[in-house]
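**Q** No letters, just coordinates:
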């Protein structure tokens, strides 16, 4: 079973995010209170697997959830291999639709400036919120095969 390891938020773009107790995800907007939430973008929420973070740890970096500016840190789900258009359910209420894998890093984030590389451009996953709700660390995350994902 795949899980949410952390829900993370920040007020400013291009910075590390801080783990929060729980996040409120709003339909067609994103994580309420997060700098990346926006009604007019396909990158409302970002996801990164702990398995990706582990690659940076193997390079000797002391990094963890939120350090790559991801909103949801996952474990046990290979998010980077999910095809665009895949819907995932988090916490039983929230439904996300994968919209982008990786990104072009124009301004070099705080992690890149500190260590000279970042995994988000290759392994970060972006999604839009199809169905809102609350997500917290420990909640399950899974690819949707049946309702409530067929909204």
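**A** That came through fine. The structure presented is a predicted model; accordingly, all values stated were derived computationally and were not measured.
**Q** so how many other residues sit close to residue 67?
**A** 22 (other CB atoms under 10 Å). From N, CA and C alone the C-beta is placed, and that goes for glycine too.
**Q** List the single closest residue to it in space, sequence neighbours excluded.
**A** Residue nearest to residue 67 in three dimensions, not counting chain neighbours: residue 16, with 5.1 Å by CB to CB, 6 or more residues apart in numbering.
**Q** That neighbour reaches residue 64, doesn't it?
**A** No - look at residue 16 against residue 64 with CB atoms under 8 Å: they stay out of range, at 9.7 Å.
**Q** sorry, back to before: does the residue nearest to residue 67 sit in a helix or strand, and which one?
**A** For residue 16, there is no host helix or strand (DSSP states H and E).
**Q** And for it, the neighbour number?
**A** 19.
**Q** low-scoring stretches of the protein, by residue?
**A** Along the chain, the model assigns pLDDT under 70 to residues 103-122, 145-151.
**Q** Centre-most residue in this structure?
**A** residue 47 (1.9 Å; CA atoms, centre = their mean).
**Q** what helix or strand is that residue on?
**A** Residue 47 belongs to strand 45-49 when assigned by DSSP H and E.
**Q** From the rest of the structure, what touches that strand?
**A** Counting contacts by CB atoms under 8 Å, 6 or more residues apart in numbering, the residues outside strand 45-49 that touch it are 25, 30-31, 36, 68-75, 77-80, 96, 119-120, 123-129.
**Q** Give me the buried subset of those residues.
**A** The neighbour-count criterion (16 or more other CB atoms under 10 Å) marks 25, 30-31, 36, 68-75, 77, 79-80, 96, 119-120, 123-129 among the contacts of strand 45-49 as buried.
**Q** show me the contacts for the residue nearest to residue 21 when sequence neighbours are not counted.
**A** The shortest distance from residue 21 to any non-neighbouring residue, by CB to CB, 6+ apart, is to residue 136 (6.5 Å). By CB under 8 Å, 6+ apart, the contact set of residue 136 is 4, 7, 21-23, 91.
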